[in-house]
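K.L.:
the sequence isn't on hand, but the structure is:
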């Protein structure tokens, strides 16, 4: 593991967002869901694609609060230009489980 400084960590902008739209993404190589996430304020709405189909349905994700890296360069994922990286961790079988605050947090709040 490579150690980083606190200043390095602060370069990664991780924010709270609310999923406002979610659609299946059957064209993806690995099953995924297309997400539109509202980060409020100056960030506004951003798109992403995430491999969440083992634990989540598009319908269940609407209104869900998520954490995402908002300052990576956009990345083409199949036909979707992903603007943010939604954060998750693997469960015991390797399926993604979303990282989320355990209380109501306003959209746009920054992780520190």
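P.N.:
Thanks, I have it. In this text, all values refer to a predicted model and were calculated from it rather than measured experimentally. Numbers count the residues shown, from 1 in each chain.

K.L.:
looking at this structure, which helix or strand is least sure?
P.N.:
strand 75-77 (a mean of 91; mean pLDDT, DSSP states H and E).

K.L.:
show me which residues of it are buried.
P.N.:
residue 77 (16 or more other CB atoms under 10 Å). C-betas here are computed from N, CA, C, even on glycine.

K.L.:
phi, psi of the closest residue to residue 112 other than its chain neighbours?
P.N.:
Leaving aside its chain neighbours, residue 112 sits nearest to residue 10 (7.9 Å; criterion: CB to CB, 6 or more residues apart in numbering). Main-chain torsions, residue 10, degrees, to the nearest 10: phi -70, psi -10.

K.L.:
same question for residue 36.
P.N.:
Dihedral angles (degrees, to the nearest 10) for residue 36: phi -120, psi 120.

K.L.:
who are the contact partners of it?
P.N.:
Applying CB atoms under 8 Å, 6 or more residues apart in numbering to residue 36 gives the contacts 19-22, 45-47.

K.L.:
which of the residues you listed fall within strands?
P.N.:
Among the contacts of residue 36, the residues falling in strands (DSSP state E) are 19-22, 45-47.

K.L.:
quickly note the distance from the spatially most central residue of the chain to residue 39.
P.N.:
The residue lying closest to the centre of the chain (CA atoms, centre = their mean) is residue 86, at 1.6 Å. Residue 86 is 12 Å from residue 39, where distance means CB to CB, to the nearest Å.

K.L.:
any residues in contact with both of those two?
P.N.:
residue 68.
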